[in-house]
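A.B. asks: model this:
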Amino acid sequence: MRYSVIDMGSNSVRHLKAIVKNNKIDGEKSLIVTRLGEGVDETNRLTERAIRETIDAVKVFQEDAIRTGTEEIYIMATSAVRDAENRVLLLEGVKRATGLEIEVLSGEREAIVGCLGVQKGLEKEEAILIIDIGGGSTEFIVYDGFIRHASSANVGAVRMTGKHVGTDPITLDEKEKMKEDIKTIIAPHIEAISKYQFDEIIGIGGTATTFGAIDLEMENYDRHKIHNHVVLIDAVKQMNQIFQTCDLSMRKEIAGLAPKRADVITAGGLILQEIMMSLNYSELRVSDFDNLEGYLVEKLDL
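C.D. replies: Below you'll find the predicted structure:
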């Protein structure tokens with residue numbers, strides 16, 4: 001059977017078109033960058049532009065899903081929507097335009113759904129830490145056959161960019177202030193996570209997959225090559241140094257970095273680096289299975 005899952009995230013609207021057979025998910029993903037979370041940290045409100053573009057993106061994906069024979073469409077929203085005082089404008093707008101009911105996930109629920117997706121894509125059973133660096137938040141999940149810890153921190157690539165970045169490229173002062181802010185926000189989560197044993201860190205979401213794509217010098221994104229690719233901390237630091245010294249036009253030319261993510265990757269990379277360094281881990285395994293697959297796992301009880 002064919003299913004679709006749409007995720008209205010803080011940076012982009014993403015779409016999974018999947019065939020489910022014998023309890024396995026075989027799918028393809030696409031996205032439209034709408035920057036839904038832009039300004040939410042400062043105003044607690046979604047902008048009219050972001051609402052309009054997000055509704056249009058959902059309509060595009062709904063039409064694509066119907067055209068390709070999807071039997072059920074699920075749609076969820078995460079950090080930007082749950083934080084916005086005027087979220088009802090978006091929820092009602094999507095309902096009027098598409099007829100679809102949106103589920104707004106809590107931070108902890110978002111973490112759990114991400115974990116379900118990673119589990120579906122794992123080739124082996126082990127104790128893992130999953131980190132999902134999104135546009136508005138970062139989720140942390142410790143899993144060893146059971147979910148031992150699940151939490152969400154209000155630190156994401158779009159949120160930190162809006163809060164700290166005012167020049168291009170970022171200044172040293174902006175970088176240091178962002179770094180200190182990230183450390184402060186993630187500190188209680190790192191402390192809680194450190195109580196558990198895990199064999200490796202698995203990264204999901206746009207920041208993690210972007211670092212994997214750049215590490216592979218990937219001109220065209222290939223989820224099968226990205227999935228399970230390991231990125232070393234030294235490579236993360238090297239990439240971050242490039243992001244922090246290149247202007248936007250130069251970052252857009254980097255192989256593996258989607259041009260529409262180039263303006264927020266500096267913040268996303270700094271979040272990733274600070275998490276890895278805080279936990280003293282030298283490598284990150286990238287998973288292309290994430291909350292899109294996880295939401296489908298939950299809905300279908302796979």
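A.B. asks: CA atoms for contacts and neighbours, from now on please.
C.D. replies: Fine.
A.B. asks: Surely residue 16 is within a helix?
C.D. replies: No - under DSSP: H, G, I helix; E, B strand; the rest coil, residue 16 falls outside any helix and is assigned strand.
A.B. asks: who's in contact with the nearest residue to it once chain neighbours are set aside?
C.D. replies: Distances taken as CA to CA, 6 or more residues apart in numbering place residue 29 nearest to residue 16, at 4.6 Å, with adjacent residues excluded. Residues in contact with residue 29 (CA atoms under 8 Å, 6 or more residues apart in numbering) are 14, 15, 16, 17.
A.B. asks: Save these as a markdown table, and put in pLDDT, neighbour count and distance to residue 8 too.
C.D. replies: Listed next are the contacts of residue 29 as a markdown table, based on pLDDT from 0 to 100; neighbours: other CA atoms under 10 Å; distance: CA to CA, whole Å:
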| residue | pLDDT | neighbour count | distance to residue 8 |
| --- | --- | --- | --- |
| 14 | 97 | 20 | 7 |
| 15 | 97 | 27 | 9 |
| 16 | 97 | 23 | 12 |
| 17 | 97 | 25 | 15 |
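A.B. asks: could I get these as JSON lines with distance to residue 127?
C.D. replies: Formatted as JSON lines, the contacts of residue 29 follow (distance: CA to CA, whole Å):
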{"residue": "14", "distance to residue 127": "28"}
{"residue": "15", "distance to residue 127": "29"}
{"residue": "16", "distance to residue 127": "27"}
{"residue": "17", "distance to residue 127": "29"}
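A.B. asks: List just the nearest of those residues to residue 231.
C.D. replies: In terms of CA to CA, no member of these lies closer to residue 231 than residue 14, at 23.6 Å.
A.B. asks: could I have the helix or strand that contains residue 151 exported to PDB, CA atoms only?
C.D. replies: Element membership for residue 151 (DSSP states H and E) is strand 147-153. Provided in PDB are the C-alpha atoms of strand 147-153 (Å, rounded to 0.1, in the frame of the first residue of the first chain):
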ATOM      1  CA  ILE A 147      13.600   4.500  25.100                       C
ATOM      2  CA  ARG A 148      15.500   5.500  28.200                       C
ATOM      3  CA  HIS A 149      15.500   9.200  27.600                       C
ATOM      4  CA  ALA A 150      13.600  11.600  25.200                       C
ATOM      5  CA  SER A 151      13.800  15.300  25.400                       C
ATOM      6  CA  SER A 152      13.700  18.400  23.200                       C
ATOM      7  CA  ALA A 153      15.900  21.600  23.400                       C
END
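A.B. asks: for this protein, what helix or strand is lowest in average pLDDT?
C.D. replies: Least confident helix or strand of the chain, by mean pLDDT, DSSP states H and E, is helix 40-43 with a mean of 89.
A.B. asks: Mind listing what's buried along that helix?
C.D. replies: 40, 41 (16 or more other CA atoms under 10 Å).
A.B. asks: Contacts for that helix, please.
C.D. replies: So helix 40-43 is contacted by 46, 80, 83, 84, 159, 162, 163 (CA under 8 Å, 6+ apart).
A.B. asks: Ranking by neighbours, what's the top pick from those residues?
C.D. replies: residue 80 (30 neighbours; other CA atoms under 10 Å).
A.B. asks: quick one, phi psi at that one?
C.D. replies: phi -60, psi -40 (degrees, to the nearest 10).
A.B. asks: What distance do you get for it to residue 37?
C.D. replies: With distances taken as CA to CA, to the nearest Å, residue 80 is found 5 Å from residue 37.
A.B. asks: same deal with residue 215?
C.D. replies: 27 Å.
A.B. asks: Looking at the two, which is more packed in?
C.D. replies: The neighbour comparison of residue 215 against residue 37 (other CA under 10 Å) goes to residue 37, with 31 against 20.
A.B. asks: From residue 156, how far out is the more buried one?
C.D. replies: 10 Å.
A.B. asks: do residue 294 as well
C.D. replies: 20 Å.
A.B. asks: Repeat that for residue 280.
C.D. replies: 21 Å.
A.B. asks: between the two, which one's more packed in?
C.D. replies: residue 156 (28 against 10).
A.B. asks: hmm, back to that, in the sheet, which strands lie alongside the strand holding residue 151, parallel or antiparallel?
C.D. replies: strand 138-143 (antiparallel) (DSSP bridges).
A.B. asks: Name the residues that touch the partner strand?
C.D. replies: So strand 138-143 is contacted by 107-108, 110-112, 115, 127-133, 147-156, 189, 193, 196, 198 (CA under 8 Å, 6+ apart).
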